[in-house]
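Colleague: This is a predicted model, with the sequence first.
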Amino acid sequence: MSHTDRVVVLVDMDCFYCQVEENLNLSLKGKPLAVVQYNAWKGGGIIAVNYAARDRGVTRHMRGDEAKQKCPEIELVQVPNVRGKADLTKYREAGKLVANVLQSFTGLLERASVDEAYLDITEAVAQRRDSSKGEIQLNQIKNTHVAASTNMDFLYNLYSSGLCDENNLKLAYGAVIVEEIRAAVFEQTGYTCSAGIAHNKILAKLACGLNKPNKQTILTNDNVQQLFENLPVQKIRSLGGKFGASLSEDLGVATMGELSKVSEKELRKRYDEKTASFLFNIARGIDLEPVKTRLVSKSIGCCKTFPGKNALLTAESITHWVHELAEEISERLQKDFEENNRKAKQISIVFSQEVNGKDVSNSRVHPLTSHDVEKIAQDTFGVIKKNCMKPNGSFCVKYLGIHASKFEECRKVNAITSFFKVGVAKNERNSVVETKPEDNVLDSTVELDENSSDLIFLNEKDVDGNASKDSISNEIRTEQSDKKESFFLQYFENLRKSKSPVKRDFNTSRILEESVEEEAMPGTSTTEDAEVCEECSESIPVSEMATHKDFHFALKLNQEESLNRKTVAATTTKNKDSGIKPKKRKSHDMPHNSLTKFLKNNYADESIGNVRLCSECNRNIPENEFASHLDYHMAKRIHLEMNPVKSAPISEKNAINSAKKGKKGKTSSGSSKNLTAFFKPVS
DNA sequence: CATTGTCGAAAA
DNA sequence: TTTTCGACA
């Protein structure tokens, strides 16, 4: 086990926010561009600058006005303002998109920020080495640089000099793979990125910054010393701030080369064990920190500053802004729950206030038991009031923040029930928590057919553009499928019309089921009138009866379909035509007789007017169709849950990896567990 | 008045 | 648990 065993990659999107804006408004491409938040004061604060603008001397930390001075033709795009504050949703969504592409190459991926991720591709490199025949050619690393060397020398030393270094060979294969990764990112998202390839995270990060944009850089171990000779210590991650500065000062070292000459003893004298060994190692290019598997953030927060005369002085202004923040965090937590099947158990309320001329900042934690905006807002205000209100009832708050953390995975509920009751399916790709045994237990309302590979929503070319190799062909699509699709369409139509949000139990997330049961109990019914359902004899509120009937309808469809599928499976290989009805469709009163057609009709043409980028499939969707489009993705997830497939929809590479690792994870009856197993750390 | 808004990690 | 630091758009 050596510190050079791993192949670690850092992928960093080029001026990410600018790219996001350019891709949303193609007329911006090629022009100098900066993204600013707010613009009332001196043209707003610049938070991203594209390379055309950098060439003209525009930098971050400038105000919009200064940028205009430097470069009059610069385009300044504003971060959207929602609820009175900058809203970064767009960029988070774009970041997710990228992360999902990266994840298709390895589950051993650690998202470091909205636009950066570390990948450990040691496994993939080993496989590529095994399967590759000849030598790596120059044209396989066209967009690659080698730090402190050249591609020619690098390959020459690998193959022609008799000096072939095992470690460098691994990095070379790493670079070949990263070329592919970056190409995939561009192909699937339209964004360019840069990358660093090295044996550890710190060096990968460093390497990445050496050649930008849209380039990648190998930093071999034997080029570290040369690179470090004149490298300011501040360039090393975690040494860019106060500590790095004090270190430079205290040890009298400006470069990493100088740091490497400081004795271990000297370091231990000045710093604690951990810090000393970190410094000693990194000065030699050694960093043992592993790449962790984390695709989703550990906390979700929002905040706003109120500088100078904007300070909040009254209870009214405080409650106003607390409300705005509570709304945002509630919305984001709810979305996160739907995507990741988890709920935060704690919020921390951060605030700073002016106390006799000085800004003092504090934070307090508070249990989080609901996504309800009012509840969050009231709790938060309570904390602020308690800590910030002066005797005369006034305030002087200059900063407010709410951050949710301590996420816990929610119990999984029966798939079809959860669809109708919660309307949510867990997105397993974003799971980070090891699945508990109970999570895999599905209530047996519907018998799940393990052999099911019928992906109703995944035809030969599904909306994601992925070939769904396991899907049955169109010929054997059943009428049932068509009915079901129509049903889903209708269901979502109804769902949108009846805006009434479903009640959910916050802790179990299966509320609907329980709340319906509760409402069915005599004496506990709400003020609303109820009717007895003919199918199940339960008492159902009138307003929910239509949905409830849909539930029974879908239940039947699913059962019938399950049976049909078995017939199909038994007969298709011999005679495709036997066993099921031809796919002749009756369109009767339904507006569209298949979801595919529906989507084609609605989304195939070029979009006009306002569009939104769908983070799931990276398509520009007309704004007014967006809700419907999201419903489609939800339906697909739900369908996949109801009809688990054996092969997970991820790259073959991962499937092979997983198979190689063997053992547990293969016994699951559903796709969920398999997917979870794929993305566990190698340990 | 003034970068701002988010994240993660670790010290205190 | 609270505060501080470092990072990045």
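Modeller: Great, that's in hand. Model, not experiment: these values are computed from the prediction. Residues are numbered from 1 along each chain as shown, chains lettered A, B, ... in the order given.
Colleague: State which one residue of the stretch 51-200 of chain A is found closest to DNA strand B.
Modeller: Nearest residue of the stretch 51-200 of chain A to DNA strand B, counting by CB to the nearest atom of the strand: A:Ala86, 4.1 Å away. Placement of C-beta: from N, CA and C, glycine included.
Colleague: any idea how far that residue is from A:Asn281?
Modeller: 39 Å (CB to CB, to the nearest Å).
Colleague: Likewise for A:Ser248?
Modeller: Taken as CB to CB, the span from A:Ser248 to A:Asn281 is 18 Å.
Colleague: And for A:Gly45?
Modeller: 37 Å.
Colleague: surely the residue of the stretch 51-200 of chain A closest to DNA strand B meets A:Val79?
Modeller: Yes. Taking CB atoms under 8 Å as the definition, A:Ala86 is a contact partner of A:Val79 at 4.6 Å.
Colleague: shared neighbours of the two, which are they?
Modeller: The contact sets of A:Ala86 and A:Val79 overlap at A:Gln37, A:Tyr38 (CB atoms under 8 Å, 6 or more residues apart in numbering).
Colleague: Then A:Arg111 would be within a strand, right?
Modeller: Yes. Counting by DSSP: H, G, I helix; E, B strand; the rest coil, A:Arg111 falls inside a strand.
Colleague: In contact with it, which residues are there?
Modeller: So A:Arg111 contacts A:Gly95, A:Ala99, A:Ala117, A:Arg294, A:Leu295, A:Val296, A:Ser297 (CB under 8 Å, 6+ apart).
Colleague: Can you name the residue of chain A nearest to DNA strand B?
Modeller: Nearest to DNA strand B, among the residues of chain A, is A:Gly308, at 2.1 Å (CB to the nearest atom of the strand).
Colleague: okay, and for chain A, where does confidence drop off?
Modeller: Within chain A, the ranges that satisfy pLDDT under 70 run A:413-683.
Colleague: measure the closest residue to A:Leu312 other than its chain neighbours to A:Glu123 for me?
Modeller: Sequence neighbours aside, A:Val397 is the residue nearest to A:Leu312 in space, at 4.2 Å (criterion: CB to CB, 6 or more residues apart in numbering). When distance is defined by CB to CB, A:Val397 is 51 Å away from A:Glu123.
Colleague: how is chain A carved up into domains?
Modeller: According to automatic domain parsing, chain A comprises the domains A:1-229, A:300-409, A:429-647.
Colleague: Which positions in the stretch 151-300 of chain A make contact with DNA strand B?
Modeller: Applying CB under 7 Å from any atom of the strand, we find that the stretch 151-300 of chain A lies next to DNA strand B at A:Asp272, A:Lys274, A:Thr275, A:Lys292, A:Arg294, A:Ser297, A:Lys298, A:Ser299, A:Ile300.
Colleague: tell me which element the second one falls in.
Modeller: A:Lys274 belongs to helix A:273-282 when assigned by DSSP states H and E.
Colleague: Mind listing residues that contact that helix?
Modeller: With CB under 8 Å, 6+ apart as the criterion, helix A:273-282 contacts A:202, A:236, A:247, A:256, A:259, A:262, A:264, A:267-268, A:270-271, A:287-288.
Colleague: what does stretch A:233-251 give?
Modeller: Taking CB under 8 Å, 6+ apart as the rule, stretch A:233-251 contacts A:201-202, A:205-206, A:209, A:253-256, A:258-259, A:262, A:266, A:270, A:279, A:282.
Colleague: Make a PyMOL selection of the buried ones in those.
Modeller: Selecting only the buried entries of those in PyMOL, with 16 or more other CB atoms under 10 Å as the criterion:
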select buried, chain A and resi 201+202+205+206+253+255+256+258+259+262+279+282
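Colleague: Next, the distance between the ends of stretch A:284-299.
Modeller: Across its full length, stretch A:284-299 reaches 34 Å between end residues, using CA to CA, to the nearest Å.
Colleague: Return the set of buried residues in it.
Modeller: A:Arg284, A:Gly285, A:Ile286, A:Asp287, A:Pro290, A:Val291, A:Thr293, A:Leu295, A:Val296, A:Ser297.
Colleague: Close to DNA strand C: what parts of the stretch 301-450 of chain A are there?
Modeller: Selection of the stretch 301-450 of chain A residues close to DNA strand C by CB under 7 Å from any atom of the strand yields A:Gln346, A:Ser348, A:Ser361, A:Asn362, A:Ser363, A:Arg364, A:Val365.
Colleague: Inside helices: which ones of those?
Modeller: Among these, none falls in helices (DSSP state H).
Colleague: how many neighbours does A:Leu247 have?
Modeller: 21 (other CB atoms under 10 Å).
Colleague: what helix or strand is it on?
Modeller: Counting by DSSP H and E, A:Leu247 is found in helix A:242-251.
Colleague: Quick check: buried residues in that helix?
Modeller: Applying a neighbour-count criterion of 16+ other CB under 10 Å, one finds A:Gly244, A:Leu247, A:Ser248, A:Leu251 buried in helix A:242-251.
Colleague: ok, those vs A:Gly382, which is closest?
Modeller: A:Gly244 (40.3 Å; CB to CB).
Colleague: Of the contacts of stretch A:233-251, just say which sits nearest to A:Ile218.
Modeller: A:Ile218 has its nearest neighbour among those in A:Leu206, at 11.6 Å by CB to CB.
Colleague: Need the contact partners of the host helix or strand of the closest one.
Modeller: For A:Leu206, the host element (DSSP H and E) is helix A:201-208. With contacts defined as CB under 8 Å, 6+ apart, helix A:201-208 is touched by A:8-12, A:118, A:147, A:194-198, A:216-219, A:224, A:235-237, A:282, A:285, A:287, A:289, A:291.
Colleague: for the residue lying closest to A:His199 once chain neighbours are set aside, phi and psi?
Modeller: The shortest distance from A:His199 to any non-neighbouring residue, by CB to CB, 6+ apart, is to A:Thr4 (4.6 Å). Phi and psi for A:Thr4, reported as degrees, to the nearest 10, are phi -110, psi 10.
Colleague: got the contact list for A:Thr4?
Modeller: A:Thr4 sits next to A:Asn167, A:His199, A:Asn221 when contact means CB under 8 Å, 6+ apart.
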